[in-house]
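Colleague: Let's see this in three dimensions:
(one chain, ligands or ions: 1)
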Amino acid sequence: MSIPFTIGKLIDYFTSTQPQIPLGLSLGQASVLLLLMFTAGAVANAGRAMLMRISGQRIVAQLRERMYGAALRQEVEFVERGEGDVISRLSVDSSIVGESVTQNLSDGLRSIVMASAGLGAMFYISPTLTLLMLTVVPPVSLGAVFYGRYLKKLSNRTQEALGEMTKVAQESLSALRTVQAFDALPQEQRKFDQKVGKVLDLARKEAVASGIFFGSTGWSGNVTLLALLGYGGTLVSQGHISVGDLTSLLLYTVYVGSGLQMLTSFFASIMRGVGAGVRIFELLDRQPAIPSESGAEVDPSRRGPVRFENVSFEYPSRKGVEILKNLNLEVKVGESVAIVGKSGSGKSSINALLMRYYDPVKGKVTFDGQDIREFKPSSWRSIIGVVPQDPVLFTGTIAENIAYGNDNATREQIEAAAREANCEFVWGMPKGFDTEIGRLSLSGGQRQRLAIARALLKKPAILALDEATSSLDASSEHRVNDAIDKILRSRQTTCLIVAHRLSTIARAEKIVVLEDGHITEEGTFRQLVNKEGSRFRALMAAQLSAATPGEPGLIDSARSHPATPTTSGAHASTEAQL
Ligand SMILES: Nc1ncnc2c1ncn2[C@@H]1O[C@H](COP(=O)(O)OP(=O)(O)OP(=O)(O)O)[C@@H](O)[C@H]1O
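Modeller: Reported below is the predicted structural model:
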């Protein structure tokens, strides 16, 4: 801020007949003082830029970490359906907030100082000229307010559009095999282009608004400068102010003008930051529908029956469509229950309720007589071993994948679980358990067995198995069935199995038939198969007729693998009767 003042004084010094320097300094001393001041200014400026940038990045890092934590705590529906737009909040919104609270904030503060100190200096030099210059401020400020608000609105819409664009890209890139198999590249490209087009449209609107705003403010700035020069020149010629003072004043006007312009950008960027901040805090403050932190811990050694008591359920995204209606089901300690039913009858939804990904709309699920909503979800899930329909592997070694979520597992425990789950293929790999795998680098059967090993390593009180509908080749299926068989026989584990294969169904101690949201039949395999006109028989017959003649269908695979001693008799009768 000393530069305009100094330049004015220098001009007066060199044009005056009696040159004088304030504070009685010599020209040399004044030059050294100025040089020192500039150096101090430069150091402060460098420090400001550096500190602001670093703190900005730290704020972004912290926001991202906290947001990621908040996203992981949300109920699966919110994140999986992309409602939360988590990726775009994590990447774009956090950057915007980081920038506006640091770099822009520092520029903003700097411009406030620049504009107010400049105005002070101007008043000191000539109040009349300063008041003249100030006539431009009210209309420009009003314009800035409207501009800032408009930008905030646009920024919100841009973030949403970016989120949609990311979602489209994520969905098709993660299913690239399907996209390529169906030659759907042009279709996917079109979908993405549409979303990009939306982002571009919004950016265009922003460009037009900022063009108009900055064009008009620049114009009014220049007109003011011209007016100042005209009126100021008259004052100089009348001897009211010196040439140096007019020069200082004009320079301060430029400072104040650019300060105000920076303030406008600052205001706009703060508005953009507020928009992004709202999205961030929405996620940070969001209370998950299934509260993740509250509830009682479950003793891992606790055993007890699992009961579904008058459970009615509908998905939050499809309200009004009851998937389960007044369902009652009991799985005793150590018992294995197979749930069978047509595709879409709600079998997997039962497992989802057991895992507490959702809560029932009516009724309750209990464990050992206690409503599972009373337990802390993470603690409750820790006693359940889950084998999903399509097991997910993560990038890492096989050992890391088996020990997923179980950091303390020793190599011996991992190997024992793998052995129990028939993962003998691991020993055949060049690096064994240290082989690096990705999401899709194992066959379907191998993935399922790894998932079984992962579930077994937890030594769960309850095993929730969602059998894959996709058929495996005979030997792979045999290995998977054998692994399941071992679990059913050897443990005091309560098993809830969504079963598709006759071989698995035949091994379960109890079978329940799910139809139209409730259980229509239950009993042992033998009871259901022998019951004339049973729904179970109709269901199995439909499955059998769906198996292609000549290929190892359900009955063949059930026949070719010995069942448990309790069910082998039942097998013979199934074959005879079906
Ligand atoms: N996240 C979801 N949001 C809304 N509806 C869903 C969701 N998941 C499943 N559904 C619907 O709920 C019903 C039951 O689905 P569920 O997956 O439980 O059936 P399933 O019996 O396990 O089927 P399958 O044997 O084919 O795996 C289906 O009509 C399905 O469309």
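
Colleague: quick one: average confidence on the longest helix seen in the chain?
Modeller: Assignment by DSSP state H gives helix 185-237 as the longest helix of the chain. Average pLDDT, helix 185-237: 90.

Colleague: show me where the stretch 251-400 of the chain has helices.
Modeller: Applying DSSP state H, counting those that start in this stretch to the stretch 251-400 of the chain gives helices spanning 347-354, 377-382, 398-402.

Colleague: Can you lay out the ones you listed as a markdown table showing mean pLDDT?
Modeller: A markdown table is the format used below for the helices of the stretch 251-400 of the chain (pLDDT from 0 to 100):
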| stretch | mean pLDDT |
| --- | --- |
| helix 347-354 | 92 |
| helix 377-382 | 91 |
| helix 398-402 | 89 |
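
Colleague: Would you mind writing the CA trace of stretch 236-246 as CSV?
Modeller: The C-alpha trace of stretch 236-246 is given here as CSV (Å, rounded to 0.1, in the frame of the first residue of the first chain):
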residue,chain,number,x,y,z
VAL,A,236,-4.1,20.5,-10.0
SER,A,237,-4.3,23.4,-12.4
GLN,A,238,-6.1,25.4,-9.7
GLY,A,239,-3.3,24.5,-7.3
HIS,A,240,-5.6,22.6,-4.8
ILE,A,241,-3.5,19.4,-5.0
SER,A,242,0.0,18.6,-6.4
VAL,A,243,0.7,16.4,-9.4
GLY,A,244,2.2,13.8,-7.1
ASP,A,245,-0.9,13.7,-5.0
LEU,A,246,-3.1,13.2,-8.1
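
Colleague: The chain should start at 32 in everything you say after this.
Modeller: Yes, from this point I'll number from 32; that puts the last item at stretch 267-277.

Colleague: roughly how far out does it sit from the chain middle?
Modeller: From the chain centre to the centre of stretch 267-277 is a distance of 64 Å (CA atoms, centre = their mean, to the nearest Å).

Colleague: contacts for that stretch?
Modeller: With CB atoms under 8 Å, 6 or more residues apart in numbering as the test, stretch 267-277 has contacts from 38-44, 46, 156-157, 263-264, 266, 280. Using the backbone N, CA and C atoms, a C-beta is placed for each residue, glycine as well.

Colleague: Try it again at 6 Å.
Modeller: With contact meaning CB atoms under 6 Å, 6 or more residues apart in numbering, stretch 267-277 is reached by 39, 42, 43, 156, 157, 263, 266.

Colleague: quick one: buried residues of the helix or strand containing the third one?
Modeller: To tie it back to what came earlier, the one meant is residue 43. Taking DSSP states H and E as the definition, one finds residue 43 inside helix 33-46. Neighbour counts using 16 or more other CB atoms under 10 Å place 35, 36, 37, 39, 40, 41, 42, 43, 44 of helix 33-46 among the buried residues.

Colleague: got a list of what the second one touches?
Modeller: Yep, that's residue 36 we're talking about. Counting by CB under 6 Å, 6+ apart, residue 36 makes contact with residue 279.

Colleague: ok, it to residue 452 distance?
Modeller: 81 Å (CB to CB, to the nearest Å).

Colleague: ditto for the fourth one
Modeller: Distance check for residue 39 against residue 452: by CB to CB, it reads 85 Å.

Colleague: Likewise for the first one?
Modeller: Using CB to CB, one gets 79 Å for the distance from residue 35 to residue 452.

Colleague: for the ligand, what are the nearby residues on the protein?
Modeller: Within the chain, the positions near the ligand by CB under 6 Å from any ligand atom are 346, 348-349, 354, 372, 374-380, 500, 529.

Colleague: show me what contacts the residue nearest to the spatial centre of the chain?
Modeller: Nearest to the mean C-alpha position of the chain, by CA atoms, centre = their mean, lies residue 117 at 2.8 Å. By CB under 6 Å, 6+ apart, the residues touching residue 117 are 102, 110.

Colleague: for residue 66, same thing?
Modeller: Not one residue lies near residue 66 by CB under 6 Å, 6+ apart.

Colleague: Return the per-residue confidence for it.
Modeller: 89.

Colleague: Equivalent analysis for residue 470, please.
Modeller: For residue 470, pLDDT reads 63.

Colleague: Tell me where this protein has strands.
Modeller: Assigned by DSSP state E, the strands in the chain fall at 337-344, 355-362, 367-372, 393-398, 401-402, 415-418, 427-428, 467-468, 493-497, 525-529, 541-546, 549-554.

Colleague: Could I get the ones you listed in a markdown table, plus columns for mean neighbour count?
Modeller: Putting the strands of the chain into a markdown table (neighbours: other CB atoms under 10 Å) gives the following:
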| stretch | mean neighbour count |
| --- | --- |
| strand 337-344 | 20 |
| strand 355-362 | 19 |
| strand 367-372 | 25 |
| strand 393-398 | 19 |
| strand 401-402 | 13 |
| strand 415-418 | 24 |
| strand 427-428 | 14 |
| strand 467-468 | 15 |
| strand 493-497 | 24 |
| strand 525-529 | 25 |
| strand 541-546 | 22 |
| strand 549-554 | 17 |
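
Colleague: which of those strands has the lowest average pLDDT?
Modeller: strand 467-468 has the lowest average pLDDT among the strands of the chain, namely a mean of 84.
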